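> curious how this folds, go ahead:
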Amino acid sequence: MRNTRILGIAPYEGICTLLRQSAGQMPGIELEAYTGNLDAGVEIARRLGDQFDCIISRGGTANLIRQVTAKPVVEIEFSACDVLQSINLANSCSKKWAIVGFEPITKNAKLLSTLLHYELTICTLERQEDAKGILRNLKAQGCQTVVCDAITDISAKHYGINSILIHSSSDSVMAAIEEAVHICAITARMGEQKQFFEGLLTAAGINTLVFNRNGECVFTSSAFPLPPELSDIIRQQASLDDAGRSQTIQKNIKGSIYMVEVRPIHFAQDKYFAFIVACQRGKTTKRAAGIQYYTAKEVNDAFLSDFYIGRNPILQKYEQLNSSGFPHPLMIFGAPGTGKAQCAAYLHVKGPYWNSTYIDCDFARMREKELGYLLGSINSPVWSNGHTFYFHHLDAMLEEQFSQLLSSLIESGLCRRNKVIFSWVRGKGEGIPRRARTIMDRLSCYTLQLPALRDRADEIPQLAVKYMNAWSADVPKQVLGFCPEALRLMEAYAWPGNLLQFKRVIFQAICQSDAPYISSETIRDVLEQEQGHLIPGADASLPLNGTMQEIKQEVARRVLVQCGNNQSKAAQRLGIGRTTLWRLLGWKK
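Below is the predicted model:
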């Protein structure tokens, strides 16, 4: 009897790992697992489904796959233990939170609420579209965090709500495999599907693709082959709620610039969406490095999967201005590792052009030919409308190039027609670089200073939980949180590398920990290793522009780190008692 062939499609790599491990324990199974959420998962099922007897997936992805395949689709259920683990994480990082998801999630949440006498805010989704309205209401009620599935996780970023993704346990994955084997044993193998991919023409010209309101392609005119990356973007865009809004999407793929115009069409009392694709070849000899184009989903995946909003009042004020179409550009300042790129991406998704192209211009990586295209071509994106531009590493440009860029920005009126965001490396209290000052004066920029992590010590518990949840997708360990002493050690550390260093430390601690709660010994060991990873010249001097209390606190933090986070040694070196050391560090006894 031949083996049962199973295709696993999971929203993140951690489930793929569990699928492979569980299948390896059962004889007679050949399983291949791939990472793909929602439309990406559907595309994997379309491409590979005919090679397998059954498909295993999860949540909304499983529902979407059922619509495109005749193969049996088994869903990985959310167990009560899976939901309870996420509830514990939410309790440790937020005072006001809610559970949002489809019935498989919320029914277990309701059961736990009854059995454990929890008072939980539980919102059940009937349709994927319901998530936006529910999240909007929760935001208005002051909800800071949602425990949710992968579908709601994407929407939560748009409303500025932190999210904790529910992960599936090994028991849930094993149960799904057993059910798949059972279904395959009693279900006859389906006939091969008709091949639906058509060969694309190679002649140059314009491609037109028309989709109906259900996201189904009803007409294709192929003048040249579309790259897979562009096809994916078009399919994803066609499935969005406001796909029919007129807009232009630009994408640089292997040296060719693709411009996609989206136009709504009303015909016979129905609505269609036309995607008109033009290609301008040979703009660069190699794959573009300095100019990158991102769709809304790509922005979320590349920049915001582990972004923590925090409590920066200046950022919150700009959020309000930005959402109403504030016309002035923004200058973001921050020390290395403070998350300037993530902040720019976050303000993009919160702004009026959130569903248009996000154009990232990195002048440290930009080749001379790319810069010439950006500043001198009539097809340059600086002549487009309704996008977000992010300019960074402008200090890497030659003086003549910088002058040309500034003239181009002014003459093209880019800032009047688009959202423009600049960023510059500058720590708190440091002088404003000359070029940054020139841009601020000539373009009337709103400025935003991102704080160093040492100035956000009170947010470290929330940040630790956020990063731990993000790393759980890649490291399949049952880690529930941090011991109080471990959090105090991290709050006392100076973090010269800021968020980038902090994220790496959390990853290292998760990998080293063998207990459900990461101990102070584990954190102390990881932080001692960090002494060899300090950024040269970073934070070498004390922040003398601060208050006396702030200077004393910084001295106490640095001495504690130099003493290997041993409180007794640090207090002895400073000539004070441990209670005084705690008071200097802002700890509670």
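> helix or strand next in line after the strand or helix carrying Gly8, which one?
Gly8 belongs to strand 4-10 when assigned by DSSP states H and E. The helix or strand immediately downstream of strand 4-10 is helix 13-24, counting by DSSP H and E.
> which residues sit against the following helix or strand past that following helix?
Sequence-wise, the next helix or strand downstream of helix 13-24 (DSSP H and E) is strand 29-35. With C-beta atoms under 8 Å, 6 or more residues apart in numbering as the test, strand 29-35 has contacts from 3-13, 15-17, 19-20, 23, 44, 48, 52, 177, 181. The way it works is simple: take the backbone N, C-alpha and C, and place the C-beta from them, glycine included.
> got it, and stretch 119-134?
60, 87, 97-103, 106, 109-110, 112-113, 138, 143, 151-152, 155, 158-159, 241.
> so where's this structure uncertain?
For the chain, residues meeting the criterion pLDDT under 70 lie at 1, 187-206, 222-224, 239-248, 255, 280-288, 323-325, 532-551, 564-565, 587-589.
> and it, what are its domains?
Following automatic domain parsing, one finds the domains of the chain at 4-76+173-186, 80-165, 206-280, 291-451, 459-585.
> what angle separates the strand holding Gly8 from strand 29-35?
Interaxial angle of strand 4-10 relative to strand 29-35 (axes from the mean of the first three to the mean of the last three C-alpha atoms, to 10 degrees): 20 degrees.
> need the contact partners of strand 4-10.
Under C-beta under 8 Å, 6+ apart, the answer for strand 4-10 is 15-16, 19-20, 23, 28-36, 41, 44-45, 48-49, 51-58, 61, 65, 76, 177, 180-181, 184-185.
> for the host helix or strand of Ile421, name the packing helices and strands.
Element membership of Ile421, judged by DSSP H and E, is strand 419-425. Helices and strands touching strand 419-425, by 3 or more C-beta pairs under 8 Å, 6 or more residues apart in numbering; DSSP states H and E, are strand 330-334, helix 340-349, strand 388-392, helix 434-443.
> mind listing the helices for the stretch 101-250 of the chain?
Using DSSP state H, counting those that start in this stretch, the helices found in the stretch 101-250 of the chain span residues 103-116, 130-140, 150-158, 170-186, 228-238.
> can I get the third one in CSV, CA atoms only?
I take that to be helix 150-158. Extracted as CSV, the C-alpha positions of helix 150-158 are listed here (Å, rounded to 0.1, in the frame of the first residue of the first chain):
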residue,chain,number,x,y,z
ALA,A,150,-3.3,35.4,11.6
ILE,A,151,-6.1,37.2,9.7
THR,A,152,-6.9,39.6,12.6
ASP,A,153,-3.2,40.1,13.3
ILE,A,154,-2.8,41.9,9.9
SER,A,155,-5.8,44.2,10.4
ALA,A,156,-4.8,45.1,14.0
LYS,A,157,-1.6,46.9,12.8
HIS,A,158,-3.8,49.3,10.7
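> elements contacting that helix?
Packing partners of helix 150-158 (3+ C-beta pairs under 8 Å, 6+ apart): helix 59-66, helix 130-140, strand 145-148, strand 162-165, helix 340-349.
> how many degrees apart are that helix and strand 4-10 in direction?
Taking the same axes, to 10 degrees, helix 150-158 and strand 4-10 form an angle of 10 degrees between their directions.
> give me the buried stretch members for helix 150-158, please.
By 16 or more other C-beta atoms under 10 Å, the buried positions in helix 150-158 come out as Ala150, Ile151, Thr152, Asp153, Ile154, Ser155, Ala156, Lys157, His158.
> against Arg435, how distant is the residue lying closest to the second one once chain neighbours are set aside?
Meaning Ile151. Nearest non-adjacent residue to Ile151, counting by C-beta to C-beta, 6 or more residues apart in numbering: Gly60, 4.4 Å away. For Gly60, the distance to Arg435 under the criterion C-beta to C-beta, to the nearest Å works out to 46 Å.
> then Asn37?
Distance of Asn37 to Arg435, given as C-beta to C-beta: 40 Å.
> correct me if wrong: Ser384 contacts Val260.
No. With contact defined as C-beta atoms under 8 Å, Ser384 does not count as touching Val260 (11.8 Å).
> hmm, back to that, the more surrounded of Asn37 and Arg435?
Neighbours around Asn37 and Arg435, counted as other C-beta atoms under 10 Å, are more numerous at Asn37. The numbers are 24 against 18.
> sheet-wise, list the partners of the strand holding Ile421 with their directions.
According to DSSP bridges, strand 419-425 forms sheet pairs with strand 330-334 (parallel), strand 388-392 (parallel).
> ok, residues contacting the first one?
So the one you mean is strand 330-334. Here strand 330-334 has contacts from 318, 322, 340, 343-344, 347, 420-427, 432, 436, 439-440, 445-451, using C-beta under 8 Å, 6+ apart.
> could you flag which of these are buried?
For these, a burial check counting by 16+ other C-beta under 10 Å picks out 318, 322, 340, 343-344, 347, 420-427, 436, 439-440, 445-451.
> just the buried residues from the contacts of strand 4-10, in PyMOL please.
Applying 16+ other C-beta under 10 Å to the contacts of strand 4-10, the buried members can be selected in PyMOL as follows:
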select buried, resi 15+16+19+23+29+31+32+33+34+35+36+41+44+45+49+52+53+54+55+56+57+58+61+65+76+177+180+181+184
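> what helix or strand is Pro327 located in?
Here Pro327 is assigned to no helix or strand, by DSSP H and E.
> quick one: contacts for it?
Residues near Pro327 by C-beta under 8 Å, 6+ apart: Cys415, Arg416.
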